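>>> Give me the fold of what follows.
(2 chains)
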Number of protein chains: 2
Amino acid sequence: MKPVALNRPTSLMQADIPGNHVRLATEEPLRLDCGVELGPVTVAYRTYGTLNAERSNAILVCHALTGDQFVAETHPVTGKPGWWDLLVGPGKVLDTERYFIVCSNVLGGCMGTTGPMDPNPETGEPYGLDFPVITVSDMVNVQALLLDRLGIEQLFCVIGGSMGGMQALEWAVRHPERVFAAVPIAAAARHSSQNIAFNEVGRQAIMADPDWRHGEYLRQGCVPTRGLAVARMAAHITYLSDSALHRKFGRRLQSRDALSFGFDADFQVESYLRHQGSSFVERFDANSYLYITRAMDYFDIASEHDGVLAKAFAGTSVRFCLFSFTSDWLFPTIESREVVRALNAVAANVSFVEVETDKGHDAFLLDEPEFATTLRGFLDGAGKHRGLAGP
Amino acid sequence: MKPVALNRPTSLMQADIPGNHVRLATEEPLRLDCGVELGPVTVAYRTYGTLNAERSNAILVCHALTGDQFVAETHPVTGKPGWWDLLVGPGKVLDTERYFIVCSNVLGGCMGTTGPMDPNPETGEPYGLDFPVITVSDMVNVQALLLDRLGIEQLFCVIGGSMGGMQALEWAVRHPERVFAAVPIAAAARHSSQNIAFNEVGRQAIMADPDWRHGEYLRQGCVPTRGLAVARMAAHITYLSDSALHRKFGRRLQSRDALSFGFDADFQVESYLRHQGSSFVERFDANSYLYITRAMDYFDIASEHDGVLAKAFAGTSVRFCLFSFTSDWLFPTIESREVVRALNAVAANVSFVEVETDKGHDAFLLDEPEFATTLRGFLDGAGKHRGLAGP
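Predicted coordinates for the structure are as follows:
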């Protein structure tokens, strides 16, 4: 796919996003957790590798808050490599010569799947805040419709990090018969108070931007780029770790020999953060950010099982492999351990590895040999049980 | 003092702040670290207790980023108790029947001491961004002028938490002959990369607010309240801890039985954060926030000592007592340990206690019996050495 320059958001139509698009829920609308019926729903997705004759080698990759379907190829907006290029490809851990990899942009997203940027069929104008509030469960239900369309009855594996890990857990709970193995990485069974707080700061930053126009900015021809950039900057700190920031930047100055005694970016870490903010607004929609963070806040598996997480997994036949990272303070190890404890309580098949790293939450996107090796081993083992050919 | 209703910032003059005000650097201006000469400088301060005949019982309390001189009395703007009412008063740890407590609003502040709200003598208009960028060292030098005026040659003790702890360290390094004992609490010898990053998010939130007007909002009759509120919200999360937030709020809903599927404050933690933001803007100036956070970023004691922290303390006769809190991730224990290590390297007199608590950075403001008891013991012991009468 050739990179395209999308000048967001005025010139960007969701339909302009390259790759696969499919219209689902065309005959019967999807009933969302909030009670609203939504349909038809467009889903933008990408696949890598080939579905085998038994249709037993599909792996659904679930992306995180600001990720998308461009897992293992050049991103059409940024021109950067796919976000999981390190892990997905021929001979890689998610081996596209063995597995059929599927990844779709989540419901509420801004890379082709129906979301608040899209026209509201009732008005023909972008939804804005008229888009219904969605949940991780709604996202998963849309993915299930996509798999129906692709003729995949059961996933060999569902995998994802962060909000992708929430989706992997939700898949295992909502559709256990459709999941052979699940790999939630750097995730949790419910969004913590601190994480809701950080999400709220991001939302308030967006909503404080006068160009947000109560969500109607697309209709009014502006974009809340300043607010969205601040939201991204605050969030980005939470993806790293104190020690990673110290190692990468310390107190080093940016293109100068001495302090400027001003408010320019004296320190490299300031310059880096500003860049994270300004580049993010080129590829992401502010309202999508509101909706997707809200879906994360609402995530709480135990809440529908009398507050007892183990009940959600009772009798599960899914094989689980969980990962956490020692320096991840957004989804600390204790959150993964709670899931493991619940799975152990129902005698589920579960592996768990806490990977030693200073890279923080973002470690799941980075070169972490222990993570990669363990994941490869888990997939190989599960593949044997599933009757997949070895590497 | 009777609480006054200050309708910030349009009606607030710095001179309206009740309490003591003194004009310093009237004959010779103060030379700031940035090279600018500033003077005269107004300092707003409060004292509690009585200076003894030997002038040997003075304790300088240094306040944190958003603190002020109202340590142990009703705050004139908020009507709330003094920020260290728990520790300062008759019979309390900082016993006003034994010690003479002094606390001044820092240079660059907005509670009466010269800062960016004040009129620039050259134009008669509020300084805004024409105010010079200040450092923690500049703050301390202004405090030294205040002590000269009060006739205090040597402090019995200088004490403070967070940025107040930075000032305590700076005092011990810059003016060791004027300090008998120093108590830096939840502080560090230099601001970390992560903390600079969080400060930068706050500044960007303020500067992104169109009502900031490149710092000229007072001249233009508006206030960047939305940006300042977002800055406060982001910072406030860093003052607490994941477990404290979990204990206080968890995922409990705010005045409702079910999720609203909207962007109102569904969760208590959201409502709490919003309140933190909206109440803060009633009492704090946005430009002061920029300047004071910048001073923290610039703080790095070792930088003027060939990068070797121990050199800054060589030959010191100051008695140190440092405190950190186990759940403080803004100024984690490791930062205090670095100071302790440097002090040990020069055989300084140093005590250090890491207090077990889940309350995060803000623990120094809260009821922490181990902290209070240890601090009392340290002050008693140091008082004996200084020849102060026992309790």
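
>>> would you say residue A:123 is within a strand?
No - according to DSSP: H, G, I helix; E, B strand; the rest coil, residue A:123 belongs to no strand; its state is coil.

>>> Distance of the nearest residue to it once chain neighbours are set aside relative to residue A:105?
Closest residue in space to residue A:123, ignoring its immediate chain neighbours: residue A:130 at 7.8 Å, by Cβ to Cβ, 6 or more residues apart in numbering or on different chains. To be clear about C-beta, it is placed using only N, CA and C from the backbone, and glycine gets the same treatment. Per Cβ to Cβ, to the nearest Å, residue A:130 is found 20 Å from residue A:105.

>>> Those two: which has the busier surroundings?
Relative neighbour count places residue A:105 above the other of residue A:130 and residue A:105, with 29 against 13, counting by other Cβ atoms under 10 Å in any protein chain shown.

>>> ok, that one touching residue A:111?
Yes - in terms of Cβ atoms under 8 Å, residue A:105 counts as a neighbour of residue A:111; the distance is 4.3 Å.

>>> Mutual contacts of those two, please.
Here residue A:105 and residue A:111 share the contacting residues A:17, A:44, A:68, A:69, scored by Cβ atoms under 8 Å, 6 or more residues apart in numbering or on different chains.

>>> For the second one, grab phi and psi.
Which is residue A:44. For residue A:44, the backbone dihedrals (degrees, to the nearest 10) come out as phi -100, psi 130.

>>> Check the last one too.
Recorded main-chain torsions at residue A:69 are phi -80, psi -10, according to degrees, to the nearest 10.

>>> Contacts only, for it.
Contacts here follow Cβ under 8 Å, 6+ apart; on that basis residue A:69 touches A:19, A:44, A:45, A:46, A:63, A:103, A:104, A:105, A:111, A:112.

>>> How about the third one?
Taking Cβ under 8 Å, 6+ apart as the contact definition, residue A:68 lies against A:75, A:83, A:105, A:109, A:111.

>>> Are we agreed that it is in a strand?
No - according to three-state DSSP, residue A:68 belongs to no strand; its state is coil.

>>> So what does it look like in phi/psi?
Backbone geometry at residue A:68, expressed as degrees, to the nearest 10, gives phi -160, psi -170.

>>> which residues touch the helix or strand where residue A:276 lies?
Residue A:276 is part of helix A:268-280 when elements are defined by DSSP states H and E. The list of residues contacting helix A:268-280 from outside it, by Cβ under 8 Å, 6+ apart, reads A:66, A:78, A:225, A:228-230, A:232-233, A:236-237, A:245, A:248-249, A:252-254, A:265, B:193, B:196-197, B:200-201, B:204.

>>> List the buried residues in it.
Of the residues in helix A:268-280, A:268, A:269, A:270, A:271, A:272, A:273, A:274, A:276, A:277, A:280 count as buried by neighbour count, 16 or more other Cβ atoms under 10 Å in any protein chain shown.

>>> May I have that helix as CSV, with CA atoms only?
C-alpha atoms of helix A:268-280 as CSV (Å, rounded to 0.1, in the frame of the first residue of the first chain):
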residue,chain,number,x,y,z
GLN,A,268,14.9,17.0,25.5
VAL,A,269,12.0,15.4,27.3
GLU,A,270,9.9,18.5,26.7
SER,A,271,10.7,18.6,23.0
TYR,A,272,9.9,14.9,22.8
LEU,A,273,6.6,15.3,24.5
ARG,A,274,5.6,18.3,22.3
HIS,A,275,6.4,16.2,19.3
GLN,A,276,4.2,13.3,20.6
GLY,A,277,1.4,15.8,21.0
SER,A,278,1.7,17.6,17.6
SER,A,279,2.2,14.4,15.6
PHE,A,280,-0.7,12.6,17.3
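
>>> can you give me how far it is from the chain middle?
Using Cα atoms, centre = their mean, to the nearest Å, the distance from the centre of helix A:268-280 to the centre of the chain it belongs to is 21 Å.

>>> residue boundaries of the helices in the stretch 251-391 of chain A?
Secondary structure of the stretch 251-391 of chain A (DSSP state H, counting those that start in this stretch): helices located at A:268-280, A:286-298, A:309-312, A:333-345, A:369-386.

>>> Take those helices and lay them out in JSON lines including mean pLDDT.
Compiled in JSON lines, those are given as follows (pLDDT from 0 to 100):
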{"stretch": "helix A:268-280", "mean pLDDT": "97"}
{"stretch": "helix A:286-298", "mean pLDDT": "98"}
{"stretch": "helix A:309-312", "mean pLDDT": "98"}
{"stretch": "helix A:333-345", "mean pLDDT": "98"}
{"stretch": "helix A:369-386", "mean pLDDT": "98"}
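
>>> Out of the ones you listed, which is the most enclosed?
Mean neighbours per residue, mean count of other Cβ atoms under 10 Å in any protein chain shown, is largest over these for helix A:286-298, with a mean of 25.

>>> now that helix against helix B:268-280, angle please.
Angle, helix A:286-298 to helix B:268-280, by axes from the mean of the first three to the mean of the last three Cα atoms, to 10 degrees: 130 degrees.

>>> Model confidence score at the residue nearest to residue A:123, please.
In this prediction, residue A:130 carries a pLDDT score of 97.

>>> Check residue A:4 too.
You'll see residue A:4 listed with a pLDDT of 38.

>>> now swap in residue A:389 and tell me
80.

>>> That one contacts residue A:99, correct?
No - applying Cβ under 8 Å as the test, residue A:389 and residue A:99 come out as separate, 10.9 Å apart.

>>> Comparing these two, which residue is more hemmed in?
Under the criterion of other Cβ under 10 Å, the comparison of residue A:389 against residue A:99 puts residue A:99 first, with 24 against 9.

>>> list the contacts for the more buried one?
With contact taken as Cβ under 8 Å, 6+ apart, residue A:99 is in contact with A:49, A:57, A:58, A:59, A:156, A:157, A:379.

>>> for the residue nearest the centre of chain A, phi and psi?
For chain A, the residue nearest the mean C-alpha position is residue A:64 (1.4 Å; Cα atoms, centre = their mean). For residue A:64, the backbone dihedrals are phi -90, psi -180 (criterion: degrees, to the nearest 10).

>>> swap in residue A:41?
Residue A:41 has phi and psi values of phi -120, psi 130 when expressed as degrees, to the nearest 10.

>>> again with the one 5 residues further on
Its backbone dihedrals place residue A:46 at phi -130, psi 150, with angles given as degrees, to the nearest 10.

>>> What's the separation between the nearest residue to it once chain neighbours are set aside and residue A:290?
Using Cβ to Cβ, 6+ apart and skipping the chain neighbours, the partner closest in space to residue A:46 is residue A:69 (4.5 Å). Separation of residue A:69 from residue A:290 (Cβ to Cβ): 21 Å.

>>> Would you mind measuring from the residue lying closest to residue A:241 once chain neighbours are set aside to residue B:180?
Take residue A:241 and drop its neighbours on the chain: the residue closest to it by Cβ to Cβ, 6+ apart is residue A:360, 3.5 Å away. Residue A:360 sits 42 Å away from residue B:180, taking Cβ to Cβ as the criterion.
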